[in-house]
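>>> A predicted structure for the sequence below; I have some questions about it.
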Amino acid sequence: MKKLMCTALLLLSSTCFAQSADVKAVNDAVENMRLAMLSGQKSSLEKVGLPSLSYGHSSGVIQNNAEFVDAIVTGKSQFKTLNLNDQTVQVDGDVAIVRHILEAKTNDSGKPGEVKIGVMLVMKKDSAGAWKLLARQAYKLPQ
């Protein structure tokens, strides 16, 4: 019985450790995305998403990976500040769901603005073990 309990505890603790390591890795990937969006550097932005990325805006606009990168690189979407608050991460195997509140000062196509929206990200671990953005959907927050 003691041996069975020890084995169960060992399996449980290793699962918890793997989960927390994945949560940290997902948080790191989201932070790298935030920094890439602020910098507007094409090479950094291209590392964020999977080729099959579906990137949804609160306005209803949907972009693929190339369109997401291009919009930021060209200044169509430009972030002057970008903060992600109240973030939660839920990992299930090689997929993670991230939720946060995005607050930013923008200068989209030369027009200054401010935004505060909710965002849900779906991250997927790629074949190299890196967490990449598979899907993003922004939504308007209740008033």
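Here it is on my side, so go on. Numbering: from 1, shown residues only.
>>> quick check: the gap between the closest residue to residue 139 other than its chain neighbours and residue 130.
If the residues on either side of it in the chain are set aside, residue 139 comes closest to residue 118, at 4.8 Å by Cβ to Cβ, 6 or more residues apart in numbering. Just so you know, the C-beta spots here come from the backbone N, C-alpha and C atoms, and that holds for glycine as well. To residue 130, residue 118 is 26 Å away according to Cβ to Cβ, to the nearest Å.
>>> ok, residue 114 next?
With distances taken as Cβ to Cβ, residue 114 is found 32 Å from residue 130.
>>> who has more neighbours, these two?
residue 130 (14 against 10; other Cβ atoms under 10 Å).
>>> which non-adjacent residue is nearest the residue nearest in space to the middle of the chain?
Per Cα atoms, centre = their mean, the C-alpha nearest to the average position across the chain is that of residue 30, at 4.2 Å. Spatial nearest neighbour of residue 30, chain neighbours left out: residue 98 (5.8 Å); criterion: Cβ to Cβ, 6+ apart.
>>> so how far is the helix or strand hosting the one you found from its chain's centroid?
In this structure, residue 98 sits in strand 95-108 according to DSSP states H and E. Relative to the chain's own centre, strand 95-108 is displaced by 8 Å; criterion: Cα atoms, centre = their mean, to the nearest Å.
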